[in-house]
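Asks: Please find the sequence and the predicted model below.
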Amino acid sequence: MLAKRAKAIVPLKEPSYEFETVPKCSKRLEDSHVYSVNRDTLQNATAELILICNEAVARQQKVKNQNKKKPMYPSKPLSIEYIADRLDIDDPINGYFVRSKEGCLQGFVTWTTFTTWQTYFRWDSLATAADMDNGHYEEGSNSQNAGSNSGRSVDADGQFAAELQNTVFLGDPQEGGVVWPRIAEVSLLGGLGCGRIMMQAVIEELETTQSEYNYITLQATDNSISFYESLGFIRVGAVARYSLTDKSKLDYDFQRDNICSPTYWYTDTKEDDTPRTISKRTGVEVLEILFLNKVLYDGLNANSRLKRGTPLRFPGRDPNSSSETRNTLGSPRKQTRSTYTTTKENETPTAIAAKLGLEVKELVALNKFRIKGLTKNSQLFKGSQLLTPNETLNKQDLEELSSMTDEVSYRHWTFDDDNVEYTEPSYMMARRLKPRAQRRTLAATLADPNSALHVLHQHKTEEHPDILQIPNDCDPRVFDFELALKIANGKAASTTDNGVEDTELSGKSKRAKTKRSPSAYSCFMSATSSIVKQENPKASFGELSRIMSERWKSLDKDAKEVFVLEAKEKKKAMEDQAQDDPKPVPAKKKRRKSSVSGLPKLGPVPSNLFNKVVQVKGQEGLFFVLTYIPDLQWCHLGKMVVRGEFGLDRAGTRTENTGKRRWMLAPEGQVPELDVSAFNCRVIKSRTVKKTPNADKEEWCILDEAFNEQFNTQEEKIKNAASVQDDMKRAVSPAMDTTNADPISREGDTDTPSDEALSFKRRRIETDFPKVETLALP
């Protein structure tokens, strides 16, 4: 994806409630409120969107795990980057929130106009690169169709994809994207029991007479495909090119930086004609006339008066011409002489060619555009797909295929610096909306008590609540919601025993603050900031700071000494002034003891967390940072577990790791992954041992002495508790027959205790020595 965030986003803060406690929505949302949301509201709730998606999948998986001996935990459905960038770049952006009456998020949906960010994109269900044969069944699925599209709703004949490709599109992939105004897209959806009613409401709203959309599309995750199929969506193929260089870019239409659908020039414009009158005369819709010509005539609207002969771009093929209409994206090419093969872990093109009886040179040539730096000895990740020719491929066919193998299955949200081969293809689904002749007005839809849109608006509230969030650097386990609410409203004032108001908790203390003395660098900035601003009038504040920082670093010791002396003089002057001024005598206050403390202040900005081992507040053990978003200060973490100890090396000698615990990532799917604010992470000093790019195979040695000492202490406690428990159980569990014994042994009876007596003693022991499975680290 070529687009970048339009503006900086503040670090995310975790919501002040646990999603495990959020109730599921009722069928008609009786106990919920619905809100229309805008971009700002969505971005402020980004953390909630991430966490509710995780919770929805976790609840779904919990149902699936009920009859399984070994539970599975799926990976998160949507990435942090995907959600954050959709909220920043989608234009327009529409959506709904569903919240409980307590304000907890229960569901959300957003939709926009479908936009692509690639120089080359094509809807095509028949292209080999579209990967339509893969059914994308969930891992561990019992379906006999896993690995194929059998049982899936797909665009088998390619007609639906052809319809989508024949709609109008226009735009610059570098600025604003290529917009498809007839295709709506559901960009984000998540919910606890309200996903279906929200989707139905969006479809109904897009099928009103006020809507300009003819189709609705979306990108489905593997666990949501069946859900969307039940709503009438089917899979459609899409292909794109991500490796076009400047020299090989196609000629753009009428604007160098714009990509446009097939068009022709309409010149039969009358004097004082308007786009609306031309639309009535020609049958071309007003929206398409305005959309295709907005870059030519600034301010063009449906009632703009035109001069005779004004040329206008019309969609499609010129009815008065027999020549083919030029498509700036190129004509579709059929790839019927090639197939794909899926690689094993560390498999090389040489081994694959030998297995399939192919020439390794041909195999590399077919895939060199798709996989950067591919050679015959390159080791490939498991699941990589290589394009392979069949037996009938001749030299000319090979040259043709080799020149077009940069066409791959569409990645709906791929970043410019990604290796496309290692990104996940999008499972694109689409649905036709009602023909315009069958549509009703928005008012009529809202008045229908059986419509989902009516249900949503029945519970709609205009004013969206301010949802309280846990401050950064705050332990969620000790977060006090009521106190936080008072502080947020400026009412957190306590009263002393003498009836004197103490406003320290509310942040309104009137005690004077001590002014800091300036540093040498601040003196340097004061002296040079005006000069730097004059030299760089268009630079932002961040850029100016960077320039001054670089200049400061470039100064030698003598030059810096001038500012060091200036700082010392200012510090001395401030100290002298402080001695002359009388110090205020604070009133003595007798504070009431309380276990409740004020909200913690914003913690220091976390250090670089890329590929770091961390501890998380409120969580046990260690985690590895799988994804870190610096501007959002948000992390996606994988749980780490101990896998024995490091032994001797291959030569039989001790190493610096020998005898220390071997930490590894828990196998994917066996434990849930975690999303958390970076402010709640503490980096643990560690050493990577294998130095492999595959995190699942890496091993870590923990070097943090404080953590290792705590871990040893906890392990020792667990072992001691388990040992005592076993000893006590053995002491009260003799192997004797107690069939006819009384519940409680009496004097003169057998010494063998009864079953009830043993049960009672075991209960006492288990109460005194509870079984300890894991202990949380502080």
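Replies: Here it is on my side, so go on. Residues are numbered from 1 along each chain as shown.

Asks: Would you mind finding the longest helix in the protein?
Replies: helix 705-731 (DSSP state H).

Asks: Report the buried residues of that one.
Replies: For helix 705-731, the neighbour count (16 or more other Cβ atoms under 10 Å) marks Phe707, Phe711, Gln714, Gln725, Met728 as buried. The way it works is simple: take the backbone N, C-alpha and C, and place the C-beta from them, glycine included.

Asks: average pLDDT across stretch 676-689?
Replies: For stretch 676-689, mean pLDDT is 91.

Asks: no wait, stretch 574-587
Replies: 56.

Asks: And stretch 714-722, by the same measure?
Replies: Computed over stretch 714-722, the average pLDDT equals 79.

Asks: Repeat that for stretch 649-666.
Replies: On average, stretch 649-666 scores 91.

Asks: Same check on stretch 424-443?
Replies: 94.

Asks: So which bits of that stretch are buried?
Replies: Result for stretch 424-443 [16+ other Cβ under 10 Å]: buried residues Pro425, Ser426, Tyr427, Met428, Met429, Ala430, Arg431, Leu433, Arg439, Leu442.

Asks: Near Pro275, how many other residues are there?
Replies: 25 (other Cβ atoms under 10 Å).

Asks: repeat for Val532
Replies: 16.

Asks: Could you do Thr21 as well?
Replies: For Thr21, using other Cβ under 10 Å, the count is 9.

Asks: For it, which non-adjacent residue is closest in space?
Replies: Cys104 (7.8 Å; Cβ to Cβ, 6 or more residues apart in numbering).

Asks: Could you give the average pLDDT over stretch 291-306?
Replies: Across stretch 291-306, the per-residue pLDDT values average to 90.

Asks: any idea how far the closest residue in space to Asn611 that isn't next to it in sequence lies from Gly283?
Replies: With sequence-adjacent residues excluded and distances taken as Cβ to Cβ, 6+ apart, Asn611 is closest to Val625, at 6.4 Å. According to Cβ to Cβ, to the nearest Å, Val625 stands 57 Å off from Gly283.

Asks: which of the two has more neighbours?
Replies: Val625 (21 against 7).

Asks: In helices, which of the buried residues of stretch 424-443 appear?
Replies: Short answer: the buried residues of stretch 424-443 in helices (DSSP H) are Leu442.

Asks: Between the buried residues of stretch 424-443, which sits nearest Lys294?
Replies: Taking Cβ to Cβ as the measure, Lys294 lies nearest Leu433 of the buried residues of stretch 424-443, at 23.7 Å.

Asks: Confirm for me that that closest one is in contact with Ile203.
Replies: Yes: with contact defined as Cβ atoms under 8 Å, Leu433 counts as touching Ile203 (7.4 Å).

Asks: Please, where are all the helices along the stretch 351-500 of the chain?
Replies: 360-367, 395-402, 442-447, 452-458, 481-488 (DSSP state H, counting those that start in this stretch).

Asks: ugh, wrong one, the stretch 101-250 of the chain
Replies: 159-165, 195-206, 225-230.

Asks: Looking at those helices, spot the one closest to Val641.
Replies: helix 225-230 (31.7 Å).

Asks: contact partners of the closest one?
Replies: His136, Arg152, Ser153, Gly195, Arg196, Met199, Leu218, Ala220, Arg235, Tyr427, Met429 (Cβ atoms under 8 Å, 6 or more residues apart in numbering).

Asks: now, which of those residues lie within strands?
Replies: Leu218, Ala220, Arg235, Tyr427, Met429 (DSSP state E).

Asks: Which pair in those has the greatest spatial separation?
Replies: The distance between the two most remote of these (Cβ to Cβ) is 10.8 Å, for Leu218 and Arg235.

Asks: Quick one: residues contacting the nearest residue in space to Arg436 that is not next to it in sequence.
Replies: Take Arg436 and drop its neighbours on the chain: the residue closest to it by Cβ to Cβ, 6+ apart is Thr209, 7.2 Å away. For Thr209, the contacting residues are Arg436, Arg439, Arg440, Thr441, Leu442, by Cβ under 8 Å, 6+ apart.

Asks: now the last one: how far from Gln210?
Replies: With distances taken as Cβ to Cβ, Leu442 is found 5 Å from Gln210.

Asks: which regions of the stretch 51-200 of the chain lie under the pLDDT threshold?
Replies: 67-77, 135-150 (pLDDT under 70).

Asks: Can you give me the pLDDT of Arg337?
Replies: Per the predicted model, pLDDT is 40 at Arg337.

Asks: mind checking the end-to-end distance for stretch 162-175?
Replies: 26 Å (Cα to Cα, to the nearest Å).

Asks: Kindly apply the preceding question to stretch 295-314 instead.
Replies: OK, stretch 295-314 end separation, Cα to Cα: 13 Å.

Asks: possible to save the ones in strands among the contacts of helix 225-230 as CSV with distance to Asp298?
Replies: Listed next are these as CSV, based on distance: Cβ to Cβ, whole Å:
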residue, distance to Asp298
Leu218, 33
Ala220, 39
Arg235, 40
Tyr427, 39
Met429, 37
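
Asks: of all the helices of the stretch 101-250 of the chain, which gets the most neighbours per residue?
Replies: Mean neighbour count (mean count of other Cβ atoms under 10 Å) peaks for helix 195-206 among these, with a mean of 21.

Asks: So which residues make contact with it?
Replies: 25, 27-29, 56, 96, 98, 107-109, 111, 184, 186, 189, 191, 211, 213, 216, 227-228, 231, 431, 433, 442, 445, 451-453, 455-456.

Asks: With only the CA atoms kept, save that helix in PDB.
Replies: Taking Å, rounded to 0.1, in the frame of the first residue of the first chain, the C-alpha atoms of helix 195-206 are listed here in PDB:
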ATOM      1  CA  GLY A 195     -22.500  -8.700  13.900                       C
ATOM      2  CA  ARG A 196     -25.400 -10.000  11.800                       C
ATOM      3  CA  ILE A 197     -27.900  -7.300  12.600                       C
ATOM      4  CA  MET A 198     -25.200  -4.600  11.900                       C
ATOM      5  CA  MET A 199     -24.300  -6.100   8.600                       C
ATOM      6  CA  GLN A 200     -28.000  -6.400   7.600                       C
ATOM      7  CA  ALA A 201     -28.500  -2.800   8.600                       C
ATOM      8  CA  VAL A 202     -25.600  -1.600   6.400                       C
ATOM      9  CA  ILE A 203     -26.800  -3.600   3.400                       C
ATOM     10  CA  GLU A 204     -30.300  -2.200   3.800                       C
ATOM     11  CA  GLU A 205     -28.900   1.400   4.100                       C
ATOM     12  CA  LEU A 206     -26.800   0.800   0.900                       C
END
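
Asks: Tally up the residues packed near Leu665, please.
Replies: 22.

Asks: picking up where we left off before, out of the helices of the stretch 101-250 of the chain, which gets nearest to Val239?
Replies: helix 159-165 (9.9 Å).

Asks: elements contacting that closest one?
Replies: Applying 3 or more Cβ pairs under 8 Å, 6 or more residues apart in numbering; DSSP states H and E, we find helix 159-165 packed against strand 120-123, strand 215-220, strand 427-432.

Asks: now do 7 Å
Replies: strand 120-123 (3 or more Cβ pairs under 7 Å, 6 or more residues apart in numbering; DSSP states H and E).

Asks: What separation do you get for His459 and Ser100?
Replies: 11 Å.

Asks: Looking at the two, which one has more neighbours?
Replies: Ser100 (18 against 15).

Asks: Switch the buried residues of stretch 424-443 over to JSON lines; also include distance to Asp576.
Replies: Shown next, in JSON lines, are the buried residues of stretch 424-443 (distance: Cβ to Cβ, whole Å):
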{"residue": "Pro425", "distance to Asp576": "71"}
{"residue": "Ser426", "distance to Asp576": "68"}
{"residue": "Tyr427", "distance to Asp576": "72"}
{"residue": "Met428", "distance to Asp576": "72"}
{"residue": "Met429", "distance to Asp576": "74"}
{"residue": "Ala430", "distance to Asp576": "76"}
{"residue": "Arg431", "distance to Asp576": "77"}
{"residue": "Leu433", "distance to Asp576": "77"}
{"residue": "Arg439", "distance to Asp576": "80"}
{"residue": "Leu442", "distance to Asp576": "73"}
